[in-house]
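Chemist: structure here, sequence nowhere to be found:
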């Protein structure tokens, strides 16, 4: 196992992901540059990859533009993603939903995480149509 590298960048990234909940490397680069103006996109990418490899953050479902997102919650959970604003929230519904899906599929064993898409309350209140 590789020794862990806790650099000033990885510590700040961990804090930023914790504050944001979910974040792309581009969003994290903006956050980090407010503290370390010299930090490069490559450094952010490498540091987030190390944090994910060490289990300090999880990879979340990609953004609608295909950007990898990181998740500060490392316990098992699922996600809701707004189809309008691309906002992402943690949800815990697998225990309720997976038995129904398994039954509908004739008893197949379901593995993996659930990702539910829809329109969030904020976007619904803005009367934005999908």
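Modeler: Structure's in. What do you need? Just so it is clear, the structure is predicted and the values come from calculations on it, not from any experiment.

Chemist: now the strands for this protein?
Modeler: In the chain, the strands defined using DSSP state E lie at 22-24, 58-60, 69-71, 78-82, 88-91, 115-118.

Chemist: with mean pLDDT added, can I get those strands in JSON lines?
Modeler: Formatted as JSON lines, the strands of the chain follow (pLDDT from 0 to 100):
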{"stretch": "strand 22-24", "mean pLDDT": "97"}
{"stretch": "strand 58-60", "mean pLDDT": "96"}
{"stretch": "strand 69-71", "mean pLDDT": "97"}
{"stretch": "strand 78-82", "mean pLDDT": "96"}
{"stretch": "strand 88-91", "mean pLDDT": "96"}
{"stretch": "strand 115-118", "mean pLDDT": "95"}
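
Chemist: out of those strands, flag the one nearest residue 126.
Modeler: The minimum distance between residue 126 and these falls on strand 78-82, with 11.2 Å, by CB to CB. (Glycine included, C-beta is placed from N, CA and C.)

Chemist: helix or strand with the lowest mean pLDDT in the protein?
Modeler: Ranking every helix and strand in the chain by mean pLDDT, DSSP states H and E puts helix 94-104 at the bottom, with a mean of 89.

Chemist: how far out from the middle of the chain is it?
Modeler: 23 Å (CA atoms, centre = their mean, to the nearest Å).

Chemist: returning to that earlier point: out of the strands of the chain, which gets nearest to residue 104?
Modeler: Once these are compared by CB to CB, strand 115-118 is nearest, at 15.9 Å.

Chemist: which outside residues touch that closest one?
Modeler: 61, 78, 79, 80, 81, 82, 83, 91, 93 (CB atoms under 8 Å, 6 or more residues apart in numbering).

Chemist: can you pull out the helices in the chain?
Modeler: Remark: helices assigned in the chain by DSSP state H are 8-20, 25-33, 41-53, 94-104, 121-125.

Chemist: name the nearest residue to residue 27, ignoring sequence neighbours.
Modeler: residue 20 (6.8 Å; CB to CB, 6 or more residues apart in numbering).

Chemist: domains in this protein, as residue ranges please.
Modeler: 8-71, 78-125 (automatic domain parsing).

Chemist: deepest-packed of those, please.
Modeler: domain 8-71 (a mean of 17; mean count of other CB atoms under 10 Å).
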